[in-house]
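*Asks:* mind looking at a prediction? Sequence and model below.
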Amino acid sequence: MEYSPRVVISLFCSYMLILLTTSSTVTTTLALKDCEFPAIFNFGDSNSDTGGLAAAFLSLPAPYGETYFHMSAGRYSDGRLIIDFLAKSLGHPYLSAYLDSLGTNFSYGANFATAASTIRLPHLILPKAAGFSPFYLDIQYSQFLQLKSRSQLIRQRGGIFASLMPMEEYFSKALYTFDIGQNDLGEAILSRNMPIQEVNASVPDIITGFSTNIKKIYDLGARSFWIHNTGPIGCLAYILVRFPSAQKDEAGCAKAYNEVAQHLNHKLKQAVVQLRKELPLAAFTYVDVYSVKYSLFKEPAKFGFELPLVACCGYGGEYNSSAGCGTTISINGSQIFVGSCKTPSTRVVWDGIHYTEAAAKFVFNKISTGAYSDPSLSLKQACHRS
């Protein structure tokens with residue numbers, strides 16, 4: 001087939017335009033300078049709790065922490081969490097939990113996350129049975145406010161604790177990370193027995209609470225925000241066991257409950273877009289953790305994992321989670337310690353609710369590149385607004 005000179009020229013021009021546009025986008029991304037984050041301040045729940053709830057209440061039993069720390073380290077996993085890999089990638093030690101009064105160092109930031117934390121004030125609060133953390137997002141903000149003001153008084157006074165506090169200029173240059181919202185859904189579904197429609201109807205209020213705290217933290221000087229969405233709760237045993245008749249998707253996950261998480265994520269992303277408009281001096285990175293986590297349930301073998309729906313640490317039932325990790329149970333008159341599986345490194349779910357270190361590392365490696373971010377910037381470029 002032959003083309004006229006005019007058509008050839010037109011096709012060539014179109015090709016060059018596409019090439020130049022693509023090249024310009026790539027060049028702009030590559031040209032962005034890596035950010036220098038002297039500190040990290042994290043807000044969240046058990047997905048990023050590095051010892052907060054354990055310090056406030058009871059420490060976690062073995063085998064929690066066995067893979068990396070070889071002891072319980074306040075993390076709801078066999079080892080490190082996404083926030084641990086994030087801190088190390090930015091050249092920092094693991095974040096100290098704000099609530100931990102022993103051996104803590106806040107010079108490079110602090111972690112306000114506690115397991116069972118919610119965005120909104122929960123209906124039931126620990127230590128009540130089935131209660132949630134008293135340190136919901138409003139309280140985590142208050143703790144950050146305390147740290148910001150009191151840390152500078154300590155630095156001014158000098159002495160042995162001064163070097164353990166963040167420098168004043170760190171607060172405006174730090175990375176502010178968020179991974180919270182899963183328990184707002186869990187509380188509504190499990191503790192309050194709300195139908196799906198009511199849970200979805202509560203999402204706007206949950207997101208309003210989130211945005212309100214973001215604005216307050218911004219008013220205290222925060223400028224770089226790294227915001228995780230919520231993972232596929234319908235793939236976790238604590239949902240699958242509670243709702244055994246729920247319709248399953250191709251991965252074996254409870255479809256309706258994953259859709260609830262996706263609804264929350266949709267509203268969260270809309271809120272982030274609005275925050276960019278209202279706070280134009282800040283850089284907001286929305287991170288699609290859901291998609292990465294779901295890939296582990298949908299195609300586990302592709303990434304070196306197996307039995308993705310089955311808890312590594314637990315006992316009994318289809319999902320190995322009828323008895324809790326680290327507990328002791330009686331079977332036929334014998335006392336049995338509920339330990340972990342032989343190879344946590346090949347498993348996705350640790351205890352029916354939380355992820356293994358191997359899964360956390362996999363997720364971090366994926367999201368840190370910017371491939372799952374909006375805008376598509378890597379973790380080390382999260383201070384940039386485009």
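*Replies:* Yep, it's here. Residues are numbered from 1 along each chain as shown.

*Asks:* where in the stretch 51-200 of the chain is pLDDT low?
*Replies:* In the prediction, the stretch 51-200 of the chain carries no residues with pLDDT under 70.

*Asks:* quick one, helices of it?
*Replies:* For the stretch 51-200 of the chain, helices defined by DSSP state H, counting those that start in this stretch occupy the ranges 52-56, 82-89, 137-157, 170-173, 182-186, 196-219.

*Asks:* make JSON lines from the ones you listed and add mean neighbour count to it.
*Replies:* Bear in mind the C-beta positions are built from the backbone N, C-alpha and C, glycine included. What follows is the helices of the stretch 51-200 of the chain, written out as JSON lines (neighbours: other Cβ atoms under 10 Å):
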{"stretch": "helix 52-56", "mean neighbour count": "23"}
{"stretch": "helix 82-89", "mean neighbour count": "22"}
{"stretch": "helix 137-157", "mean neighbour count": "16"}
{"stretch": "helix 170-173", "mean neighbour count": "18"}
{"stretch": "helix 182-186", "mean neighbour count": "25"}
{"stretch": "helix 196-219", "mean neighbour count": "17"}
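
*Asks:* looking at those helices, which is nearest to residue 299?
*Replies:* For the helices of the stretch 51-200 of the chain, the distance to residue 299 is smallest for helix 82-89, at 19.8 Å, taking Cβ to Cβ.

*Asks:* off-centre distance for that closest one?
*Replies:* For helix 82-89, the separation from the chain centroid amounts to 11 Å (computed by Cα atoms, centre = their mean, to the nearest Å).

*Asks:* can you show me the strands along the stretch 201-350 of the chain?
*Replies:* With DSSP state E, counting those that start in this stretch applied, the stretch 201-350 of the chain shows strands at 224-228, 283-287, 328-331, 334-337, listed in chain order.

*Asks:* and the last one, what does it pack against?
*Replies:* Right, the one you point to is strand 334-337. Strand 334-337 sits against strand 328-331, with contacts defined as 3 or more Cβ pairs under 8 Å, 6 or more residues apart in numbering; DSSP states H and E.

*Asks:* so residue 326 touches residue 65, yeah?
*Replies:* No - between residue 326 and residue 65 there is no contact under Cβ atoms under 8 Å: 10.3 Å.

*Asks:* neighbour count for the two, which is higher?
*Replies:* With neighbours defined as other Cβ atoms under 10 Å, residue 326 and residue 65 compare such that residue 65 has more, 22 against 18.

*Asks:* residue 376 versus the more buried one, what's the distance?
*Replies:* Distance check for residue 65 against residue 376: by Cβ to Cβ, to the nearest Å, it reads 34 Å.

*Asks:* could you do residue 184 as well?
*Replies:* Using Cβ to Cβ, residue 184 is found at 28 Å from residue 376.

*Asks:* got it, and residue 176?
*Replies:* Residue 176 sits 20 Å away from residue 376 when distances are taken as Cβ to Cβ.

*Asks:* ok, residue 134 next?
*Replies:* Using Cβ to Cβ, residue 134 is found at 38 Å from residue 376.
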